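A.B. asks: next input, structure requested:
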Amino acid sequence: MWRGHQAVQSSAQRWLLRGRHQASVGNNYHHPFSSARCLGGAASYGATDKLLLQKPSIRSLLPSLVRYGDVRANNLSNPELISSHAFSTRGGKRPRVPLMRDLHSVDEVIVTAYEYLDDMSRRDISAVWARIALLMTKRQPKQRGKSSHNTGKLSFDDMEHILHKIFNDTANGIEDCNMKELAATTLGMAKIVKILRQQGKSRGEDNSRAILRRLLLSKDMKPNRELFKLFANASMDKLDQFDARHLSNLAYAYALIDHVPEFDDGSDLFDHIAMKAVEIKAEFNAQGISNATWAYATVGKPHRKLFEAIGDQVVASKHLNEFKSQNLSNTVWAYATAGVRHPKFVGKAISNTLWAYAKAGFNYPELFEKVANHIVKSDGLDRFIPQHLSNITWAYATAQVSQPKLFQRVAKAAIQRKEEFISQDVANLLWAYATMGITDKQLFLPFVPTAAKLVGTYNNQDIANMAWAYAVADVDDPTLFNAHFINKCVEKKDGFEMEALRQLYQWHLGQTKEKSKSRLPLDLQERCYDIFISEEPTVSKFQDDVVAQLSSIGLEPKEEVLMGSGYRIDAIVEVNEKTIGIEVDGPSHFIGRIIGRSMSPTGSTILKRRQVPSIDGIDLVPVPYLEWNKLGKDRKKKQEYLRKLLGLTTVESCVTACETSSIRCPKFVNSRLGNPMLRYICYESDLFAHVATQELLKMVKEHKRDETPLNPTSSSLSSKPWSWSEPRPSSSPWISVQPSSQPSLAPLDL
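C.D. replies: Below you'll find the model as predicted:
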């Protein structure tokens, strides 16, 4: 029989009493109805425990919940618009609930659900919201001929009346849902919220959409937190009953609306879902893995134990064929985004998987390697749409995982299908290759026509990524970077984020300083420059060590020097009257820095190494961290390494040259110090200028000097070391011959 007023009142009382009981026993998951506040924010309840109707409350009681009776009693203003065929009782029996998948418009689903609401199970109600979400993404069909569910055009009040009834029934019955119905209802409503957010509010909006917007969204376009907190509380009560599929769907639903329900004990729904997921990790299939990892990466909850457990499942699988492209793509994307480091892991699945891992910041090298091998060995990439190809390369670039064969395979497929790429796909693909230091013009040049054609559709980040990528590749083409491109930058200048402005500045440097081509307007130039130089430099222990060793060999390094180009150089030194920049390149300057074995520079490093010499006119000498680490803590080895790097004459090479030469330079004198390797020193050589100062003074202190005079006419060495800043005494045994304008080639008689 039809449910009446009393049945729903009992349901409300049951929820109310449950909320009070939980509050009394200190349960952390208080039901929203345990407070004098309802989901819509406009209804309250009194001592009678009855919920009062005040629109737009979703927990309110109308005078009657008998839909069938409303129509027969003409309670609706346009009852003739509702098909009488739908109410056929066939001999007094209640009508059978239609399948939602047989309905083809949003209004048709809403009216049909209203007609049969009292006969609907919780499963039927969840199907209503899922069907509405699906149909909202499709063009609504025009009514042709007669239809068994012809809704006509309902007035706003009628549609509001109907939707409130369905909405209230959903909220009132949520505790009666099983885990499948809970996940489906939450996911359906979450999808509707996402669609309404994406489409925005517009004039002439359908009545159903306008009312759904009021029910599911706040004025600031945030999801109805009380509603989704209600669903979260109901899910917590049954979380131990959830299987892997519906657990991942529940997380996916909340990620769609970017909402993480929190509880009184400081935990949140995602914490509890993760713990449950780890327990049942063996049950997750490809779709479940994709949904779960994507959800956690999207809401910024990189739960390490969850990612490691799911990663183990992927790695343990013998084949990745069960993964659809969407699944694997989402999963790897989540790991890269979450930054999870895991030992081992086909269009959209692969790309989304990679994307999820990259975005979450979870770097799982073995998983990335396994996916890369799977793609490289596959028969073809035809099942990968351009978005998948773009997401895959973006994920590897973001996670800094080098897979040259993969990038080569994707590049060939992308070039063949370049006309199918949209603006974001082009920008992300080229950015990924440039970031990985892959600047092959055979990739960048073919994409110029496609990139130029799409300039009008780029968003701010796309513009910056694409321009920066071409700057790294040192590719310029007037058909792409022209007045139209500049105008697009000016049009969107207020929407650029800081990193995008830095990228634009580097592109602008290449255009104006290197190529003397088109430039950004002066105000945008200045803004980009200010942002580019605004980042405060950070000095690492590695840099401190290099600078200390530079000082030890007689140089005077200047640190963090701001050049005219806007770049900062780690250290500047003068060698042979020539300015040289020292770049202390730590792991972030190289690809594969997580693994720590690559010496291939990143795109940013490549661009700086090219632009600084070109624009500022100084040579850059890199000191890679891997080479420096091999020297250990041996200061002498580090100093010798820097001398060779800067082209300074070493002690050993000076001695060897002197001893093997048949012509002795008169500017070399016998030092007769305790170190036999320092028998000859030339005070006008590079060695004297840059090495001898510090080393000889040090050796004077460390070695006992020979008291036997070099020259019968010279006296013994003074007990007080000679200061190099003082005039050289003619009697100094260190220098037996005064310098002359022209060096003598006669052998020195020793």
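
A.B. asks: E574 in helix, strand or coil?
C.D. replies: strand (DSSP: H, G, I helix; E, B strand; the rest coil).

A.B. asks: verify the stated contact: it with P557.
C.D. replies: No: in terms of C-beta atoms under 8 Å, E574 does not count as a neighbour of P557; the distance is 9.4 Å. C-beta here means a position set from N, CA and C on the backbone, and glycine is covered the same way.

A.B. asks: these two: who's more crowded?
C.D. replies: When E574 and P557 are compared on other C-beta atoms under 10 Å, the one with more neighbours turns out to be P557, at 18 against 13.

A.B. asks: can you report phi and psi for the more buried one?
C.D. replies: For P557, the backbone dihedrals (degrees, to the nearest 10) come out as phi -70, psi 140.

A.B. asks: got it, and S155?
C.D. replies: Residue torsions, per degrees, to the nearest 10, at S155 are phi -70, psi 170.

A.B. asks: for P601, same thing?
C.D. replies: phi -70, psi 150.

A.B. asks: pLDDT of stretch 120-134, averaged?
C.D. replies: For stretch 120-134, the mean per-residue pLDDT is 93.

A.B. asks: all the helices of the stretch 401-550 of the chain, residue numbers only.
C.D. replies: Defined through DSSP state H, counting those that start in this stretch, the helices belonging to the stretch 401-550 of the chain, from first to last, are 404-416, 423-435, 441-444, 448-453, 460-473, 483-491, 498-509, 522-534, 541-552.

A.B. asks: outside of the fifth one itself, list whatever touches it.
C.D. replies: Pointing back at helix 460-473 there. When contacts are taken as C-beta atoms under 8 Å, 6 or more residues apart in numbering, the neighbours of helix 460-473 outside the stretch itself are 423-424, 426-428, 430-431, 433-434, 437, 439-441, 444, 451, 458, 476, 480-481, 485, 488-489, 492, 495-497, 499-501, 503-504, 506-507, 509-510, 603-604, 606-607.

A.B. asks: same thing but 6 Å
C.D. replies: Taking C-beta atoms under 6 Å, 6 or more residues apart in numbering as the criterion, the residues outside helix 460-473 that touch it are 423-424, 427, 430-431, 434, 439, 444, 451, 492, 495-496, 500, 503-504, 506-507, 510, 603, 607.

A.B. asks: now swap in the shortest one and tell me
C.D. replies: Identification of contacts with helix 441-444 by C-beta under 6 Å, 6+ apart yields 411, 473, 475.

A.B. asks: check what pLDDT the first one gets.
C.D. replies: Read it as A411. Note for A411: predicted pLDDT of 94.

A.B. asks: burial count for it?
C.D. replies: Around A411 there are 19 other residues, counting by other C-beta under 10 Å.

A.B. asks: likewise the last one?
C.D. replies: For V475, the count of nearby residues is 20 (other C-beta under 10 Å).

A.B. asks: got it, and D616?
C.D. replies: Under the neighbour criterion other C-beta under 10 Å, D616 is assigned a count of 19.

A.B. asks: ok, now the one 4 residues further on?
C.D. replies: Taking other C-beta under 10 Å as the neighbour definition, L620 ends up with a count of 18.

A.B. asks: the residue lying closest to it once chain neighbours are set aside: what secondary structure?
C.D. replies: With C-beta to C-beta, 6 or more residues apart in numbering as the measure, G581 is the residue that lies nearest to L620, at 4.6 Å, once sequence neighbours are left out. Taking three-state DSSP as the rule, one finds G581 in the strand state.

A.B. asks: G581 and E536, how far apart?
C.D. replies: Applying C-beta to C-beta, to the nearest Å, the value for G581 to E536 is 19 Å.

A.B. asks: that older thread, any of the contacts of helix 460-473 buried? List them.
C.D. replies: For the contacts of helix 460-473, burial is judged from neighbour counts taken by 16 or more other C-beta atoms under 10 Å, and it is met by 423-424, 427, 430-431, 434, 439, 444, 451, 492, 496, 500, 503-504, 506-507, 510, 603, 607.

A.B. asks: packing partners for the one helix or strand R197 maps to?
C.D. replies: Using DSSP states H and E, R197 sits within helix 179-199. The elements that helix 179-199 packs onto, with contact taken as 3 or more C-beta pairs under 6 Å, 6 or more residues apart in numbering; DSSP states H and E, are helix 122-136, helix 225-237, helix 244-256.

A.B. asks: list the buried residues of it.
C.D. replies: Neighbour counts over helix 179-199 (16+ other C-beta under 10 Å) mark 179-197 as buried.

A.B. asks: what's the first helix or strand after that helix?
C.D. replies: helix 207-216.

A.B. asks: contacts for that next one?
C.D. replies: With C-beta under 6 Å, 6+ apart as the test, helix 207-216 has contacts from 56, 106-107, 110, 156, 159-160, 163, 167, 193, 196, 224.

A.B. asks: hey, C-alpha coordinates of it in CSV?
C.D. replies: What follows is helix 207-216 as a C-alpha-only set of coordinates in CSV (Å, rounded to 0.1, in the frame of the first residue of the first chain):
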residue,chain,number,x,y,z
ASN,A,207,13.5,24.5,-14.6
SER,A,208,14.9,21.2,-13.5
ARG,A,209,18.5,22.4,-13.6
ALA,A,210,17.7,25.6,-11.8
ILE,A,211,16.0,23.7,-9.0
LEU,A,212,18.8,21.1,-8.8
ARG,A,213,21.2,23.9,-8.5
ARG,A,214,19.3,25.3,-5.5
LEU,A,215,19.2,21.9,-3.8
LEU,A,216,22.7,20.7,-4.5
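
A.B. asks: now it: mean pLDDT?
C.D. replies: 91.

A.B. asks: could you check the angle it makes with helix 179-199?
C.D. replies: Counting by axes from the mean of the first three to the mean of the last three C-alpha atoms, to 10 degrees, helix 207-216 lies at 110 degrees to helix 179-199.

A.B. asks: how much does helix 207-216 deviate in direction from helix 122-136?
C.D. replies: Using the same axes, to 10 degrees, the inter-axis angle of helix 207-216 relative to helix 122-136 is 120 degrees.

A.B. asks: quick one, helix 207-216 and helix 225-237 angle?
C.D. replies: Relative orientation of helix 207-216 with respect to helix 225-237: 70 degrees, computed using the same axes, to 10 degrees.

A.B. asks: appreciated, that's everything.
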